Every structure is written in structure tokens, then in C-alpha cells.
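K.L.:
Just to be clear, the model below is a prediction. Sequence and coordinates:
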Amino acid sequence: MFELLGIPPQALFGQLLLGLINGSFYAMLSLGLAVIFGLLNIINFTHGAQYMMGAFVTWMLLTYFGINYWAALILVPLIVGATGIVIERLMISRLYHLDHLYGLLLTFGLALIIQGLFRNQYGVSGIPYAAPELLQGGHNLGFMYLPNSRLWVIVASLVVCLGTWFMIEKTKLGAYLRAATENPTLVGAFGINVPRMITLTYGFGVGLAALAGVLAAPIYSVNPNMGEQLIIVVFAVVVIGGMGSILGAIITGFGLGLVEGLTRVFYPEGSAVVIFVIMAIVLLVKPAGLFGRTA
Amino acid sequence: MTTTDTVSHVSAQPRDKAMGMPRHHMMIFIALFAAMLVAPFVLYPVFLMKVMCFALFAAAFNLLLGFGGLLSFGHAAYFGMASYVSAHAAKVWGLTPELAILSGTLVAMVLGAVIGSLAIRRQGIYFAMVTLAFAQMVYFFALQAPFTGGEDGIQAVPRGDLFGILSTRPDRTFYYVVLAITFGGVLAIYRIIHSPFGQVLKAIRENEPRSISLGYHVNRYKLAVFVISATFAGMAGATKALVFQLASLTDVYWTMSGEVVLMTLLGGMGTVFGPLLGAGIIVAMQNYFASFGAWVLIMQGIIFVLAVLLFREGIIGVLARWIKKPL
Amino acid sequence: MMKKLALATSAFAMLAATPGLAQDVSVKLGVLNDRSGVYADLSGEGSVIAAQMAVEDFGAEEKGITVEIVSADHQNKPDVASNIARQWYSEEDVDAIFDVPTSSAALAVHEITREMDKIFMNSGAATSDLTGSACSPNTVHWTYDTWALANGTGGAMVEQGGDSWFFITADYAFGHALERDTTAFVEKSGGTVVGSVRHPFPGSDFSSFLLQAQASGAKVVGLANAGGDTINAVKQASEFGITQAGQSLAGLLVFLTDVHSLGLQTAQGLVLTESFYWDLNDQTREWSARFEEQAGDKPTMVQAGVYGSVLHYLKAVEATGTDETAAVMEWMKANPTDDPLFGQGEIREDGRKIHDMYLFRVKAPDQSEGPWDYYELLETIPADQAFRPLADGGCSLVEEAAAQ
Amino acid sequence: MTEAAILSARGLTKEFKGFVAVNKVDLDVRRGSIHALIGPNGAGKTTCFNLLTKFLQPTSGAITYNGRDITGLSAADIARLGLVRSFQISAVFPNLTVLENVRIALQRRRGDSYDFWRSERVLREYDDEARSHIADVGLTAFTDERAGELSYGRKRALEIATTLALNPEMLLLDEPMAGMTQEDVERISALIRRIATNRTILMVEHNLSVVANLSDHITVLARGEVLAQGDYATVSKDPKVIDAYIGAGHG
């Protein structure tokens, strides 16, 4: 049996697959950030909290209303997306004429509030959410036991990411969106309601975060702090990828998940910082990010 | 084209200056100093020392944000790392308090130079994200490095004897040392703002491309102000370690970075006295509402939102507008 | 006003001075713990309730002891804890501080208590340094410590047949210490450690570490972490079918509330060590039922420890007739402890409270007969073996005593 | 390269993600002349201008200034060589006073002012000189006003005063007349002509009457390439130029 640097290939494949799953979350979250950033020009610091809300609302739907996971996949992004729309209308929309930093500060404050409210209500120990029957169990792939719930995350996030990419790059709606990103006044001149488009875009980005939360609920412990760690890593992912393209956000997300997975095998102590180290290197070599527009 | 990271604020031009400082500024400084001299006889000295450390921290941060136009979301890295180094120096190396604080400050300066030189390659919100990410890296380092004591932190740090003679064990004695350090630090920051260097900084904040076209190496200025800000943040953190006689992960965690942003925003960014007031309010809030648990977090969030939506100039900024004088 | 009243009663008491009877001391106890964070469920308000129950059960009022209890949230931050402790001692005349989970916060309070010469009775924190290298004449460590947990889980597991181990360790000092201590016990009992992996702290995704644990073929997967990390690891272990495939999962710092939040479906088969469980005997059941009426949940060992330590402290105050630190501390160490929750025990000169520890296994859902019926007792570790021997801790108090 | 050229570009090219904004532009600006860069919308004038001032890095091509290759230098370094640009949108420091605006330029003489330990009082030595520059553009009455509060035309005047305070050898003006009233246009035109006596000026300008009036030499750009060069009379008669302007529907 051959080994690669002392690691049996089975273990390596297993770790790569797991890296891909992590990457799925990075990709979905950085995609949402990229879409929002593209049109609103703000970094949505609330993104982590909205991801957490997604997981919590999934749990609430099941616990209080008996609504199952599959329905939650549709409902939760709509519900959390709607709260995003309210936030955009009531608060963020007042900041567009100001420096973009205020958007960051506002969403940071909102993240603190949301997180604090959930902490008060549910504590921080975490709440269990049982995976639906279809996702329980798993497949023995020979080199690893792959739980169905994880397999589902990869499939679902690939579908969502590619769907979003297709919508933005290949449809007319997406074309307007891209044009509005480049030049809002021009699109306004085409008779498109730009403010409404901005609002819906924010809702859409938040919905993506919430969807990632739904996918996370059966896998991770549902707790109020689940987003705060992740969001900082996703920020680094975004810096590495650059905000240039939707596809860039997706590729960087999945790619860094894989890199992190590999680090866990070869140098587990470094797995917490590997993404930050890559960020430092990218900043040195290609400051605009791998897919970012120069200038 | 480069974008400008201008943060709008008040800065009219007073002409009634005494010794390089507008008269009303000097009067406020003197009043503040006098108040702080007697304060420990009225209020709990450790609480006051905490306020002063955070006031210096916020003033250092404000130098970067309010006058350099750079929003760092990772200032906890310098504050926290300096506090570890200072605690380690005092406890393990047995250095006197002034040397312990100095060594913490120097480490913050070096760290600021390293992170700063990478971070200034990106601007605006990217800059904020990069600083945040690097600070998180420093946090992981602090968590894992053997000398920081991981989650336990460095405990039972001796304050030692100032210059090897004066024992700073009693809180009241150390209080005046802290007063000297923080007041000196704040005055130094004031001088930096009002130096030829500070003048160029303001120009960069106001209009970066124009400053470039006038021949200023904008990135070098940004790096310089970043390093200075990190240094003073480190000074505050190093002092705090000796006040509480401990250094812990709290000081290096990202919520600490958020808190200093909040202090500055609430007090008034780009003002001289705003960060000091903001630090006082937030520290008092944390102190007296400590038993409310997560509500403190929620309140901080609400203050953030209200400050951004309703009074972006901050408390001191609004006051300055009323009396039509910069504060 | 309060003071005047106290003076008046004191004068009265002096006249009618009968030893052992009404003696009018007033003490102020501070319960300092986590009321909003990870440890809020296992300490928090429940610990305050436990302290009040101790005061009532002791009958402090009838015995002429005025007790005031204050409480605060230290948010698991050592600087917040140290700030509150300082203020309590110097501004609010608090005599003793109880509970204090989170090792870093506990060490901070420990140092300030020593500096101010008050009393600290820790129940919530794990670090065995409190009675080891950092030991202090002012601290009593009541409920458990890392040594006891490692000893219980590591040693007893091997005796139960789990003789090969793989560790999933939180990559910071606390995790490393847990792994190191447990490894020693595993090896001492004739077991082997086949491997270990360090995970970032805090971690959310444990799948790749669990995969490595699975590949190692070890009989026991030891989780050298705490709080949210342990919860996540256990949850994902169940997802990857670790226990179903025949490996045992051993939590080195797991509390009843963690099991409660995981649910039996997920946590079943987990092995852990605690010093108290509500369902141990009639006395614990009776007390826990009363506790549950007020708190809504069954008590954890930390809350039980607060009850026990407050009770013993009050006994000392009654016996010595003072709240003076040295006298109270001397009495507490000189006299055996006895309470319904931990039974009989003692406080050693290094401050370590000695009692039995228990190795439990979490029941499967179909074995559980009702709410909170979670544990199956595997083994009782007798008090004389449960804690680190006095000589091994490196406590300076012990050396001084030996030198004299 | 002609002997008299102060600034030359050879094969200057800029690509953005496959889109070529400026394509192999050759350009010579004669010393002491007023040179105008014109062209219809989207011709690449501003990109070209930003390349010459190094606010953009060219994809390929070379730029020489006074015979020295400056292709690799930074924007700030170029300014230090005496090649100073202005901006389309008025480039003042809005929260500084008019005096301080001009003083920022004069302060450059101290080298890079990193002396953060000194009081800004040391800058007072420049006050007199700054006032004379302010007087030159007729802003004496506004010396202590915040620059942000000036009218549009006065901001442009302040900008020119600031630029002149550097005493540059060559000025690059990016649409100096954009958004000005007719009265302002005349005042600034006169000012430009006056400062051009011992300087070279390259300007991008939309207002063709200004170009006709001021410039000695004109380069016409279209779709990123040089379409025609010469004085106004030559260029305005060039059928390609007429075609480009009419084709683009712009005059």
C-alpha cells in the first residue's frame, strides 16, 4: 500500500472530502457577502449572525410548529431574508450616501444585538437539531464513512452556488444586477427601480446566509456563537478571492476549504491559521485578491 | 482609481491659540487632570485606572480612524499582545513596571509594523477585514503560545517597584503612575495630531489622490500612523496588565477590537476628547451592568446602531457643533 | 442602620453569651460565576439558589448569623472576575467568594483573595493548579479538578477494558494538560495511547479529527476539551457513527447540562467522571427535588459544590463565632465536612476538598426512565484515590508544613 | 523622440480584463507648450491621463520625462520630479482652510514630514508664501475659510494655487473647465495662459472652444488610439476627426 508523506491515501481522500464540505459553507457565505458587496458596497458584518439565525429558525420551526427540515430549506431563507429586507429598508438604506465604513459599523452593531438576544433566550450551550430521517445514516465509501447529511451539504451548496452564478452571469436579471453594480445611475435610467433592486439583493444575500444556516443545523451544534467564528474566516476568504467575480467567490470558498482540510492532515496545529497565512501571502503578491479587479 | 476613505467630521479652525494649543483645549486638559488627581478619593481607583487605560487605547485608535481615516477592526491584537508581553516581563523576567510597560509597547510597535505593512495594501472596508483577520491570527497565537498561559492567561503579575525604588503595590500609588502614563500618552497623541505630520495625515484623509498628486507617499504615512496607533494601543494594554496584575485572552479577542471602535464612535471620532469620554461611558457601563450578562452586549449593539444612524459625530462631536469650537 | 442593629444585637449577645448558641455574626457571601456564557447553565443562577438553600438548611438566622448573598456575572473573563472580586472585598465587605467556573477567572479571584486575605471556595473551575503550584492558604477547591477527572476517566476506563486511546485535544494549555494527565493514568493502568490530534480552539468542525480517531482503531476516543467544543465533537461523533462502530467516547470535562443539551440520542455511550449526580442516593434525590422546584433543572455537581461549601463555611463561622479569615479557614481544614450531597469528607492543608468521584456512562434513550435520567454508574472512585496525593501537587503550603 | 519633448510616451497600452482601453499610444509633449488631449466619450483620454501620471500602471509601453524613464515610478515620485496633475472633480482638502490647503503643498519642501513630535507651529514659516499664492488666484478674502465652503469656481482656483505652490515644471490638468460657468471659464483660461509662460501644460478638455483658444498642439484619441495630431486648424479639418466626433454624436 502506498502512502503519501506518511498519510494513507484513504485518509487523504476522506480529509479532502471533508474539506470540500467546509468549503461549501465558506463558498455560500462568501457568495452572499459578494452579492451584497457588489450592489450595496457594504460588508455585511451581520452575515454570521444571519447564518446563526438560519440555524435557529430551522430549529424553531421544527420545535414550535412541527415544520420539518425540507420545508425549512425553503421557508427559512424567506423568513430570515425578510428580516434582512426590513433591516435594509429601516437602517442600511439611510447610509448609502455616507462612507462605506458606516455600513460596516452598523451591521457590526446589529450582529451584537442579534447574537445577544439569542444568547439571552437560548444560552450558549447549544441546542440539538436531529437530522431528518433521509439524512441519517451514511455511505461507506471504502476510504471513509460519509454521513448522508454531509453529502447533502456538498450537493446542496454546489446547486445553490452554481444556480446563483448562472442567475447573475447568464440571465437578464443578473445582467441588470451586474450593470447596477458598475453604474447605478445608468441602470436607473433604463427604468429599473434601483432602490428596490438593492433591497431585494440584500434580502437575497441574507437568504443565502440563512440557507447555509439550515444546512448547518443538523451537523453543528445550534448555538448563538456559531456565526461569529465563521464570519472572520469568511472575511479572510473574501480578501483572498477578491470581490471581482461571483465565480471567484465560489471557487475561493471551496478551494480554501480543501486547503484547510489538507492542513488538518499534515499540520493540524496550523489549521486554524492557514487561511490567514494565505491571506497574508496573497496581500503581498496580489493585493487585489485572486479574482479581484485591479485598480 | 483609488478611493478615498474619508470620514467626515468637524474641524473648524480656531485662531485663539496659547502655546500651540487652543485655549479651551488647554483648560479642558487642566480640568481633567485636576479631576483625575482627586478622583481616587471618591471613586474606586482600580475602576478609574481601567477607564484611563481604555481612554488611552481609544485615543490611539482614534488617531488612526479619526485622523488617518483608517478603520482597523483588529486593534485588540496590539492591546492584547502588549499586555501579555508586559505581564510576562514583570512576572518571569522580573522587570520593573516602567520597563515591563516599555517592552510591551515595543512589541506592539513591531507587530503594528508587520501587520500594518500588509494591511495598507488594501483600502476601505477591505482594510477593516484584513486587520480583523490578522488580529484573529494573533488571537490564535496567543491561545497556543506557551508563554501566554493559554486560557488561564498570565496570573498574579507583580507590579514591582517603579524605577526599582517606589513600590506600586498599593492601588493609590499605582494610580498616579497610570495617570502619568495615560495622560502623557494622550498629550503625545494630541501633539501628533497637531504636528506637520498630522497636517499631512489630515490631507490624506480628506483627499487621498490629491495628496499623492502633491508628491506625498501616502502609504508611508498610513503605515507610520498605523504603527504609532498600534504603539499607543500597546502602551495602554501593557499598563492594563499591571493594573489588573493579569493578562488574558479577553484583551486580544475581536470583541475588544469592536469595543474600542464603539468607544471612539460614541465619543466622537476625529475629536480630541471624544474617545476619552466614550471609553469612560463604555467601561462604566460594563462595570455597573456586569450582572446583566448578555444585555451588555445587546446594549453595546444598540449604541452602535444608534450612533451610526443618529449621531455619527458622537457626543463630543455634537457638543463641538453646539459651541462651534472643535473639541 | 444595618450596622446599628448589628451592634445592638451584639451587645445583647455578649450579655447572654452562651457558647455555641446565638452569637450574631454577619457575613456577606459573593457567588461569582457565569450568568450568560457557556457555563451559565451549569453554574449561573442555580449556584445562587444552591447557596441560599445552604443558608436556609443551616438555619443561619436561628443561629444568630446574618447572611447576605450577592452575585455577579464574570462573563468567563479573568479581568472582569478580578475587577468584581477586588470591588467586593475592598468596597463591599464581602467575606468569601464561591463558585467561579472557568479556570482563568478562578485563578484571578484566587490571587486577589490571597492578596486581600479573604476566603475563596471554588466549586466551578477545573484547574488543579488552585491546590497545586499556585496554592494559597485562602482557597478551598471543593468539587473536582482536572487531576480527578483525568484519574477517573483515564484510569477507570482502562480497568473497564478501554486500554487503547486516541485523543482529540483542544490546542491550548487546558487541553494539553488534560491530555497529558489522562495519558499518565492510562499508561499507569496498563493502557496505551495510539495517537492524538490537536484541534483549533474553539472548533466547530470535528469531522476530520474524528475520522483520524476512527482510522486509529483505538478503543477509546478521549475528548480533551470542554464546553461547546465537547458538545460539537460528541454530536459529530454520533453523526459519523463512532460509538455505533464500537469505539467508546470519553469526555474529560463534561457536565450533566452538556448531556442534557446534547440529548440522549446523541450522547449515549459517552463516558465521564463527576463528583455528584442527583440520582445517587435518597439524600441527593431529596435535595435535588427541592433544588429543581426553585431552579427548574436538576443540579449539576458545580451547584451541589456551592451548597456543600457554603454549608461548611457557615459551620465554621458558627463554631468560631467570627468571620475572620484565619480562624474560619483553620476550623474548616481542622474539621471533617459532612453534607447530604458529598457525604463525609475533609479539606486538606493544600485546600483540596476530598470526597468520592464517580465514573458514569450516558444511557441510551430506551434505558432512560424519565427526564434527567441520564447516567449509569460504572464505578465509584473512593475518596482516598480520587484526588492527587498531597505530596505530588507541588503546593508550597505542604512543604512548609513538612518543614516545620 | 523630438529634441524638445519634455514628456514622451511610446506604445502606451492599458488593458482591463481583456478590454483594451488605451492601445499603443505614442505621444510627445513639447517643452513650454500647451498640449490638449481630446476625443469623444470613451476614447480613453482619462485612462491615458492616469497612465501618464502613474495613477494607473500601464500594461505595456514606456514613458519618459526629461529624458528619464519614469514608467516604473510611483505617482508620488512623479510629482516630486515636477510633474503635477489636477483632477476632474475639484481636488481640495475640504475640512482644511484655504491657507492650510496651499501650505500642504509648500510643506512638501520639508521632504516627507514624518516629524510627528514637532508642533505644527513650525509650518507658520510658509504662511507668507502661501498667502501670496492665494492672492495670485484672487482668494485672499477667503484665506481662513474652510475649503469645502468655497464656490465651485473658487475651489478650482484654490486647486491651481495649491498646484502652483509646488512650482511644477509641468502641469497635467484633467478637464480644468468641467462644470464651470462661462465667467469662471474665462478667468481660469486667463490664469492657465499666465502660468504657462514658463511651464509645460498637458490638459484633457471637453470644451473645444477652450482647446481652440489655449492649446498649441492637439492629440485626438478615439477608441484608445491616436487618431490625429497637430495644431487646432489641422486637426479640426481632419475628416477622421470629424467622423469620430459626429459618429459618436458628440461635439
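P.N.:
Looks like it arrived, so ask away. None of the values given here were measured: they were computed from a predicted structure.
K.L.:
give me every residue that touches the residue of the stretch 51-200 of chain C found nearest chain D.
P.N.:
Using CB to the nearest CB, the closest approach of the stretch 51-200 of chain C to chain D is made by C:Asp79 at 31.4 Å. Where you see a C-beta, it was placed from the backbone N, CA and C, and this is true even at glycine. Neighbouring residues of C:Asp79 by CB atoms under 8 Å, 6 or more residues apart in numbering or on different chains: B:240, B:244, B:246, B:248, B:250-251, C:108.
K.L.:
Can you point out the buried residues in whatever helix or strand it lives in?
P.N.:
For C:Asp79, the enclosing helix or strand under DSSP states H and E is helix C:78-91. In terms of neighbour count (16 or more other CB atoms under 10 Å in any protein chain shown), helix C:78-91 has its buried residues at C:78-90.
K.L.:
chain center to it: distance?
P.N.:
In terms of CA atoms, centre = their mean, to the nearest Å, the centre of helix C:78-91 is found 21 Å from the chain centre.
K.L.:
Stretch C:316-335 now?
P.N.:
A distance of 22 Å separates the centroid of the chain from that of stretch C:316-335, by CA atoms, centre = their mean.
K.L.:
which outside residues touch that stretch?
P.N.:
Contacts for stretch C:316-335 (CB under 8 Å, 6+ apart): C:20, C:23, C:25-27, C:63, C:65, C:95, C:117-119, C:137-138, C:140, C:312-313, C:315, C:347-349.
K.L.:
Let's see that with 7 Å instead.
P.N.:
Applying CB atoms under 7 Å, 6 or more residues apart in numbering or on different chains, the contact partners of stretch C:316-335 are C:23, C:25, C:27, C:63, C:65, C:95, C:117-119, C:137-138, C:140, C:312-313, C:347, C:349.
K.L.:
do the same with stretch C:259-271
P.N.:
Under the contact criterion CB under 7 Å, 6+ apart, stretch C:259-271 has outside partners A:125-128, A:130, C:153, C:157, C:231, C:234-235, C:238, C:243, C:248-251, C:254, C:359, C:361-365, C:368, C:374.
K.L.:
Separate out the buried members of these.
P.N.:
When the contacts of stretch C:259-271 are checked for burial by 16+ other CB under 10 Å, the buried set is A:125-128, C:153, C:157, C:231, C:234-235, C:238, C:243, C:248-251, C:254, C:359, C:361-363, C:368, C:374.
K.L.:
Who are the contact partners of D:Thr181?
P.N.:
Applying CB under 7 Å, 6+ apart to D:Thr181 gives the contacts D:Gly153.
K.L.:
Which parts of the chain are helices?
P.N.:
Went with chain A since none was named. With helices called from DSSP state H, chain A shows them at A:9-40, A:47-65, A:69-90, A:100-122, A:148-170, A:172-182, A:184-189, A:194-216, A:226-241, A:246-266, A:274-285.
K.L.:
meant chain D actually
P.N.:
D:45-52, D:75-80, D:98-107, D:127-136, D:152-165, D:182-195, D:208-214, D:232-237, D:239-247.
K.L.:
I'd like the next helix or strand past the worst-scoring helix or strand of chain C on mean pLDDT.
P.N.:
Counting by mean pLDDT, DSSP states H and E, chain C has its least confident helix or strand at helix C:2-15, which shows a mean of 44. Per DSSP H and E, helix C:2-15 leads on to strand C:25-33 as the next helix or strand towards the C-terminus.
K.L.:
Now do that following strand and helix C:78-91, the angle between them.
P.N.:
Orientation note: strand C:25-33 sits at an angle of 170 degrees relative to helix C:78-91 (axes from the mean of the first three to the mean of the last three CA atoms, to 10 degrees).
K.L.:
mind showing which ranges of the chain have poor pLDDT?
P.N.:
No chain in the question, so chain A it is. Within chain A, the stretches with pLDDT under 70 are A:1-11, A:143, A:181-190, A:244, A:293-295.
K.L.:
other chain: chain C
P.N.:
In the predicted model of chain C, residues C:1-23, C:401-404 satisfy pLDDT under 70.
K.L.:
just checking, next helix/strand downstream of the longest helix seen in it?
P.N.:
Counting by DSSP H, the longest helix found in chain C is helix C:301-320. Scanning forward in sequence from helix C:301-320 by DSSP H and E, the next helix or strand is helix C:325-334.
K.L.:
got a list of what residue 84 touches?
P.N.:
All of this is about chain A. By CB under 7 Å, 6+ apart, A:Gly84 lies in contact with A:50, A:202-203, A:206.
K.L.:
that's the wrong chain, I wanted chain B
P.N.:
The neighbours of B:Tyr84, taking CB under 7 Å, 6+ apart as the test, are B:142, B:148, B:154, B:247.
K.L.:
one more time with 8 Å
P.N.:
Here B:Tyr84 is in contact with B:104, B:142, B:147-148, B:154, B:241, B:247, B:252 (CB under 8 Å, 6+ apart).
K.L.:
Filter those residues down to the buried ones.
P.N.:
In the contacts of B:Tyr84, the ones that pass as buried (16+ other CB under 10 Å) are B:104, B:142, B:148, B:154, B:241, B:247, B:252.
K.L.:
Export these to a markdown table and append columns for pLDDT.
P.N.:
Putting those into a markdown table (pLDDT from 0 to 100) gives the following:
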| residue | pLDDT |
| --- | --- |
| B:Gly104 | 95 |
| B:Ala142 | 89 |
| B:Thr148 | 84 |
| B:Ile154 | 86 |
| B:Ala241 | 93 |
| B:Ala247 | 91 |
| B:Val252 | 92 |
